[in-house]
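1. A structural model of the following input is requested.
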Amino acid sequence: MAGIWGYVIETKSKKEHMFGSHEKNMIELVASLKNNAERVKLGGGTKEIEKLHKKKKLHCRERIKLLIDKDSYFMEIGLFAAEGMYAEYGGAPSSGTVFGIGKIHGRDCVIVANDATVKAGAWFPITCKKNLRAQEIAMENRIPVIYLVDSAGVFLPLQDQIFPDKEHFGRIFRNNAVMSSMGIPQIAAIMGPCVAGGAYLPIMSDEALIVEGEGSVFLAGSHLVKAAIGEVIDNETLGGAVVHSEVSGVTDYIMKSDEECLQKIRSIVSKFGHNETAGFDRIQPVPSKHPESDIYGLIPSDRAKPYNMLDVISRITDNSEIDEYKAGYGKTLITAYARIDGWAVGIVANQRSIEKTKKGEMQVGGVIYSESADKGARFIMNCNQKKIPLLFLQDVTGFMVGSRAEHGGIIKDGAKMVNAVANSVVPKITIIVGNSNGAGNYAMCGKAYDPRFIFAYPTASIAVMGGQQASNVLLGIRVGQLKKQGKEITKEEQHKMLKEIQDRYDSQTDPVYAAARLWIDGIIDPVETRRTISYCLEIANNNPDTPKFNPGVIQV
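-> This is a model prediction of the structure:
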């Protein structure tokens with residue numbers, strides 16, 4: 001008995017030590033994330049913000065704060081867009097645009113605001129992608145859009161990457177037109193320059209406001225007009241607030257200041273009618289039995305280490321309860337009905353613990369086996385039939401490989417799950433907890449599979465395969481190329497090359513790298529998981545049009 005009790009005590013102590021170690025790592029990652037976020041939120045810096053204030057203008061983040069309901073939640077999307085990019089041009093913090101979803105008189109609205117402190121609000125290629133994402137969210141969820149325009153237009157040195165293609169600048173104006181036809185209100189406030197093609201965005205909105213003395217709209221500024229046709233004129237006379245409000249009729253309201261303009265928008269939005277909702281089920285919320293902050297200590301700092309994903313789920317579900325579907329089958333994938341902040345959800349999550357099957361075989365956590373994929377496909381179809389939104393919690397290294405898996409039809413079963421995810425019509429929300437590798441990213445509703453929202457924890461890693469495997473493959477290719485050239489590589493040189501490859505690969509799998517390119521909507525603090533999921537479901541509930549689920553050619 002003493003030996004047994006000694007083992008129990010030792011195991012408990014080891015678990016507590018590991019929890020503390022994981023917690024310390026997550027706290028450091030979150031602290032670093034928040035420090036970087038505060039830096040990015042300053043845009044072009046405090047001096048540039050002070051320059052705006054001297055002109056009696058507000059910074060874009062100050063504008064948003066005044067626009068939304070007091071002390072309400074603003075869910076920012078794409079905060080780290082362009083992070084580490086465009087260094088040769090001095091960078092573009094948050095891509096020079098702030099956007100997210102907030103409440104105006106209790107109504108959910110997409111808000112897009114140019115940051116005039118970043119290259120005068122100029123549009124970089126990723127800025128265009130970010131604005132298109134804002135419009136996509138508005139269209140998918142049928143919610144109004146408010147544009148706070150203050151931009152010098154396209155960043156000319158990179159015009160070839162933003163102008164002519166399908167998903168470039170022109171797509172934004174096309175979306176303006178489509179959203180109007182869909183009955184999605186768009187209001188634009190011209191709070192600074194609005195030049196050339198960029199002039200179409202506010203004027204293709206349903207209503208346009210302009211701030212006197214600051215706002216201006218023209219297809220060509222005074223310098224270009226003089227060069228093109230020889231006319232000498234100043235910008236205010238050419239396309240200022242008074243001209244467009246009283247002469248051309250381009251704008252609908254003329255405002256004296258930023259503050260007055262924002263209050264007018266609030267007044268307009270307050271009179272919007274109310275539409276039907278999707279009708280996703282929600283009851284009175286119940287807190288989880290365990291604190292959400294426990295997640296800090298549950299997720300290992302080493303992404304290869306196993307852990308029990310059910311422990312994480314119990315920190316975000318109401319009363320820490322789930323109705324697990326096929327609990328004893330396909331155990332590397334958890335499928336369960338639950339409630340999060342009162343909302344009914346279907347959870348599809350990778351199980352990271354190592355499981356033993358009834359046949360005595362060990363199944364590696366985070367790997368999708370044939371039976372796991374089959375279970376996942378069936379569960380996704382069930383949720384579509386019952387009109388239950390889906391939550392994907394990714395920590396997946398991919399599908400099982402090897403002769404046993406291939407002969408068992410892993411490709412066929414994997415295709416079932418991918419098919420079900422692709423054809424799913426209920427809203428899908430994805431959170432990348434740890435690994436997101438290869439086709440596992442696809443089957444677990446990665447960016448290509450139209451999640452309404454997709455976020456990552458600071459512990460996330462997104463790549464075609466794990467860093468160690470990829471680095472060894474790349475090293476083998478490099479060494480082979482050098483040998484063909486007649487060069488012999490020492491072990492020391494190979495070790496150095498491996499480290500260089502590994503460092504480069506790791507930087508590309510970091511969640512900030514993904515967030516910079518808008519592969520994800522943002523990186524969230526794990527203690528914000530419940531609130532983030534709940535608000536995403538509330539936003540999705542605004543769209544009453546859920547198409548009928550058609551599983552296509554899926555064979556079950």
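
2. what sits against residue 395?
-> By C-beta atoms under 8 Å, 6 or more residues apart in numbering, the contact list for residue 395 reads 303, 309, 349, 350, 352, 366, 432, 433, 434, 435, 436. Where C-beta positions appear, they are placed from N, C-alpha and C, glycine not excepted.

3. how many neighbours does the residue lying closest to residue 161 once chain neighbours are set aside have?
-> Nearest non-adjacent residue to residue 161, counting by C-beta to C-beta, 6 or more residues apart in numbering: residue 125, 4.2 Å away. By other C-beta atoms under 10 Å, 24 other residues sit near residue 125.

4. my read: residue 125 touches residue 160, true?
-> No. Because the distance of 9.3 Å does not satisfy C-beta atoms under 8 Å, residue 125 is recorded as not touching residue 160.

5. okay, now the unreliable bits of the stretch 401-550 of the chain?
-> Using pLDDT under 70 as the threshold, the predicted model of the stretch 401-550 of the chain has low-confidence ranges 465-475.

6. can you give me the helices in it?
-> Listed in chain order, the helices found in the stretch 401-550 of the chain under DSSP state H, counting those that start in this stretch are 403-407, 410-423, 438-443, 467-484, 491-509, 511-516, 529-540.

7. of all these, which one is nearest residue 313?
-> Closest to residue 313 of the helices of the stretch 401-550 of the chain is helix 529-540 (C-beta to C-beta; 10.2 Å).

8. what comes into contact with the closest one?
-> For helix 529-540, the surrounding residues in contact (C-beta under 8 Å, 6+ apart) are 73, 75, 101, 108, 137, 140-141, 143, 278, 280, 282, 285, 288, 292, 295, 315-316, 340-343, 345, 389, 391, 427, 429, 431, 452-453, 455, 524.

9. gap between it and the chain center?
-> A distance of 13 Å separates the centroid of the chain from that of helix 529-540, by C-alpha atoms, centre = their mean, to the nearest Å.

10. and stretch 203-213, by the same measure?
-> Here the centre of mass of C-alpha atoms in stretch 203-213, compared against the chain's by C-alpha atoms, centre = their mean, lies 29 Å away.

11. just the buried positions in it, please.
-> Using 16 or more other C-beta atoms under 10 Å as the test for burial, stretch 203-213 gives 203, 204, 205, 206, 207, 208, 209, 210, 211, 212.

12. check stretch 86-103 too.
-> By 16+ other C-beta under 10 Å, the buried positions in stretch 86-103 come out as 86, 91-103.

13. grab the nearest non-local neighbour of residue 464.
-> Leaving aside its chain neighbours, residue 464 sits nearest to residue 438 (5.6 Å; criterion: C-beta to C-beta, 6+ apart).

14. check contacts around that neighbour.
-> Contact partners of residue 438, counting by C-beta under 8 Å, 6+ apart, are 397, 398, 399, 464, 465.

15. okay, now the unreliable bits of the stretch 51-200 of the chain?
-> Answering for the stretch 51-200 of the chain: the residues below the bar, that is pLDDT under 70, span 197.

16. which residues of it fall in helices?
-> The residue ranges that make up the helices of the stretch 51-200 of the chain, judged by DSSP H, counting those that start in this stretch, are 60-67, 125-141, 169-182, 200-203.

17. show me what the third one packs onto, helices and strands only.
-> Think helix 169-182. helix 125-141, strand 186-195, helix 200-203 (3 or more C-beta pairs under 8 Å, 6 or more residues apart in numbering; DSSP states H and E).

18. using CSV, list the CA coordinates for it.
-> What follows is helix 169-182, C-alpha atoms only, in CSV (Å, rounded to 0.1, in the frame of the first residue of the first chain):
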residue,chain,number,x,y,z
PHE,A,169,-9.1,46.9,-54.7
GLY,A,170,-11.9,46.8,-57.2
ARG,A,171,-13.5,43.9,-55.4
ILE,A,172,-14.3,46.2,-52.5
PHE,A,173,-16.5,48.5,-54.6
ARG,A,174,-18.2,45.4,-56.2
ASN,A,175,-19.0,44.2,-52.6
ASN,A,176,-20.4,47.7,-51.8
ALA,A,177,-22.9,47.2,-54.6
VAL,A,178,-23.7,43.6,-53.7
MET,A,179,-24.2,44.4,-50.0
SER,A,180,-26.6,47.2,-50.9
SER,A,181,-28.6,44.7,-53.0
MET,A,182,-28.6,42.3,-50.1
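
19. in that helix, what's buried?
-> Of the residues in helix 169-182, those scored as buried under the neighbour-count criterion (16+ other C-beta under 10 Å) are 169, 170, 171, 172, 175, 176, 179.

20. export these to TSV and tack on distance to residue 147?
-> Written out in TSV, the entries for the buried residues of helix 169-182 read as follows (distance: C-beta to C-beta, whole Å):
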residue	distance to residue 147
169	14
170	16
171	15
172	10
175	12
176	9
179	11
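
21. just the residues you listed now: which is nearest residue 27?
-> Comparing every one of these with residue 27 (C-beta to C-beta), the shortest separation belongs to residue 172, at 39.8 Å.

22. for that closest one, which non-adjacent residue is spatially closest?
-> That would be residue 131: by C-beta to C-beta, 6+ apart, it lies 5.6 Å from residue 172.

23. what's near enough to touch the one you found?
-> Contacts here follow C-beta under 8 Å, 6+ apart; on that basis residue 131 touches 97, 99, 112, 123, 172.

24. now those residues in CSV, with distance to residue 193?
-> Compiled in CSV, the contacts of residue 131 are given as follows (distance: C-beta to C-beta, whole Å):
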residue, distance to residue 193
97, 15
99, 19
112, 16
123, 12
172, 17
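
25. which one of the residues you listed is nearest residue 185?
-> Comparing every one of the contacts of residue 131 with residue 185 (C-beta to C-beta), the shortest separation belongs to residue 112, at 13.8 Å.

26. what is that closest one paired to in the beta sheet?
-> Beta bridges link residue 112 to residue 99, residue 147, judged by DSSP bridges.

27. the stretch 251-400 of the chain: helices as residue ranges?
-> Here the stretch 251-400 of the chain has its helices, by DSSP H, counting those that start in this stretch, at 258-270, 295-298, 309-313, 370-386.

28. buried ones in the longest one, by neighbour count?
-> Counting neighbours by 16+ other C-beta under 10 Å, one finds that the buried residues in helix 370-386 are 370-381, 383-384.

29. again with the second one
-> Buried positions in helix 295-298, judged by neighbour count with 16+ other C-beta under 10 Å: 295, 296, 297, 298.

30. tell me the one of these nearest residue 147?
-> residue 295 (36.1 Å).

31. pretty sure residue 241 contacts residue 213?
-> Yes. Between residue 241 and residue 213 there is a contact under C-beta under 8 Å: 7.0 Å.

32. name all residues that make contact with residue 55.
-> Remark: with contacts taken as C-beta under 8 Å, 6+ apart, residue 55 is in contact with residue 214.

33. hang on, the earlier thing: quick one: closest of the helices of the stretch 401-550 of the chain to residue 31.
-> Distances from residue 31 to each of the helices of the stretch 401-550 of the chain were compared using C-beta to C-beta; the minimum, 14.2 Å, belongs to helix 511-516.

34. what helices or strands is the closest one leaning on?
-> When contacts are defined as 3+ C-beta pairs under 8 Å, 6+ apart, helix 511-516 packs onto strand 453-456, strand 461-463, strand 522-523.

35. and those as CSV, adding mean neighbour count?
-> Shown next, in CSV, are these (neighbours: other C-beta atoms under 10 Å):
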stretch, mean neighbour count
strand 453-456, 25
strand 461-463, 21
strand 522-523, 22
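
36. let's have these in JSON lines, adding distance to residue 183.
-> Below are those laid out as JSON lines (distance: least, C-beta to C-beta, whole Å):
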{"stretch": "strand 453-456", "distance to residue 183": "22"}
{"stretch": "strand 461-463", "distance to residue 183": "36"}
{"stretch": "strand 522-523", "distance to residue 183": "28"}
